[in-house]
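S.K.: Got a sequence here, can you build the structure:
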Amino acid sequence: MRIRFGYVSTALSLYDSSPSKTITFTNWKKLKKGERKTRLIEVAKQNIRNTKRALLYNISHEIELYRMSSSIVPLATHPEVKWNYMKDLKEDFEELGELVKQYHLRVSLHPNQFTLFTSDREQVTLNAVEDMKYHYNMFKAMGVEDRCLINIHVGGAYGNKEEALKRFDENIKLLPRHIKKRMTLENDDKTYTTAETLHVCQKHEVPLLFDYHHHMANEGEESLEDLLPKVYDTWKDFGLIPKVHISSPKSEKQFRHHADNVSLEFIMPFLTLAKSMGEDFDIMIEAKEKDRALLALVEDVSKIRGVKRISGGAVEW
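M.R.: As a prediction, the model looks like this:
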């Protein structure tokens, strides 16, 4: 069984490397009209440069998984700003895509918590569709839309899960089919359990991107031993091996908050269960120390009896 590890967005080991620099709508409006687009392009190009730096860092460290920033293009979906970023940043995005394709990297995006399809407000749903289009368009501009994934949560319950899920069933119909085909859904730490999210995924033929930390904070009644094979099964027609999120609690009191690094003791029950299934899978680390946390965890996992480190960011068990 092979496990690859990845991290989110910023390579902390690099100097001034944030790929999420932005300009607020208020500051954008203060600029002269002739300067507005120029400033947007400048900020986006800086974000793309830092994304490229992260990819090169990952390649040199043999890290094959990476979640790109959702904020690469500033004000991309703002109704008063919308600009043709795919055209203006065409060559920049293509450079990123070439690296992804040449080195067989697995890249993803994770829109924010406001991108949801359970709201009873039409505008929230329309905004979610626009945001999903933006995320897909970035991958399309890179030429990797056939190998990417865009991960979101089911959404809020608004006091009635049954009604919220009915709205999800209807609202998701507004999402273009080609984008939905690259979508995954994640169980969350407060509202929709793994079992509840699994039901939605099975109904809509969407992979479940399992989050172990969220599961431990919001377990539900079904055991993980029963759930995990079904979770893996949702990936069978997606073209990519299963992927999971791993993090550990900051403290008992702040259980839902992510710690700086990942505790091997906390995740060991999951790793043991995954090992018993014998299937390759990928792990996205959601820890404050990002790439540093990844390298530390791979080192820790490689010390487990029977585990062999096969690259900078992968082990075989």
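
S.K.: now the strands for the stretch 51-200 of the chain?
M.R.: 65-67, 106-109, 149-153, 183-186 (DSSP state E, counting those that start in this stretch).

S.K.: Can you give the contact residues for the third one?
M.R.: The list of residues contacting strand 149-153 from outside it, by C-beta atoms under 8 Å, 6 or more residues apart in numbering, reads 108-111, 113, 115-116, 132, 135-136, 139, 179, 182-186, 188, 192, 207, 209, 238, 240, 243. Placement of C-beta: from N, CA and C, glycine included.

S.K.: Can I get the buried part of those as one ChimeraX selection?
M.R.: Per 16 or more other C-beta atoms under 10 Å, the buried members of the contacts of strand 149-153 correspond to this ChimeraX selection:
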select :108,109,110,111,115,116,132,135,136,139,179,182,183,184,185,186,188,192,207,209,238,243
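
S.K.: Next step: the contacts of strand 149-153 restricted to helices.
M.R.: M132, H135, Y136, F139, I179 (DSSP state H).

S.K.: isn't the first one right up against I179?
M.R.: This means M132. Yes - between M132 and I179 there is a contact at 5.3 Å, judged by C-beta atoms under 8 Å.

S.K.: Skipping its backbone neighbours, what lies nearest the residue nearest to the spatial centre of the chain in space?
M.R.: Nearest to the geometric centre of the chain sits H110, at 3.7 Å (C-alpha atoms, centre = their mean). Computed as C-beta to C-beta, 6 or more residues apart in numbering, the closest residue to H110 that is not its neighbour in sequence is N151, at 4.8 Å.

S.K.: Neighbours of that neighbour, how many?
M.R.: By other C-beta atoms under 10 Å, the residues close to N151 number 21.

S.K.: any idea how far it is from V244?
M.R.: 11 Å (C-beta to C-beta, to the nearest Å).

S.K.: Next: Q254.
M.R.: The gap separating Q254 from V244 is 22 Å, by C-beta to C-beta.

S.K.: Between the two, which is the more surrounded one?
M.R.: Legend: neighbour count by other C-beta under 10 Å for Q254 and V244, higher for V244 (22 against 10).

S.K.: Touching, T234 and L198? I think so.
M.R.: Yes - the pair T234 / L198 is scored as a contact, 7.2 Å apart, by C-beta under 8 Å.

S.K.: Mutual contacts of those two, please.
M.R.: With C-beta under 8 Å, 6+ apart, T234 and L198 have common neighbours L208.

S.K.: How is R4 assigned, secondary-structure-wise?
M.R.: Following DSSP: H, G, I helix; E, B strand; the rest coil, the label given to R4 is strand.

S.K.: what are the bridge partners for it, then?
M.R.: D282, A314 (DSSP bridges).

S.K.: contacting residues around it?
M.R.: Contacts for R4 (C-beta under 8 Å, 6+ apart) come out as E64, L65, R106, D282, I283, G313, A314.

S.K.: cool, and P19?
M.R.: Residues in contact with P19 (C-beta under 8 Å, 6+ apart) are S9, T10, N47, I48, N50, T51, A54, M68, S69, S71, I72.

S.K.: Now name the helix or strand holding it.
M.R.: For P19, there is no host helix or strand (DSSP states H and E).

S.K.: all helices of the stretch 151-300 of the chain, in order?
M.R.: 161-171, 177-180, 194-204, 212-217, 224-233, 264-277, 290-301 (DSSP state H, counting those that start in this stretch).
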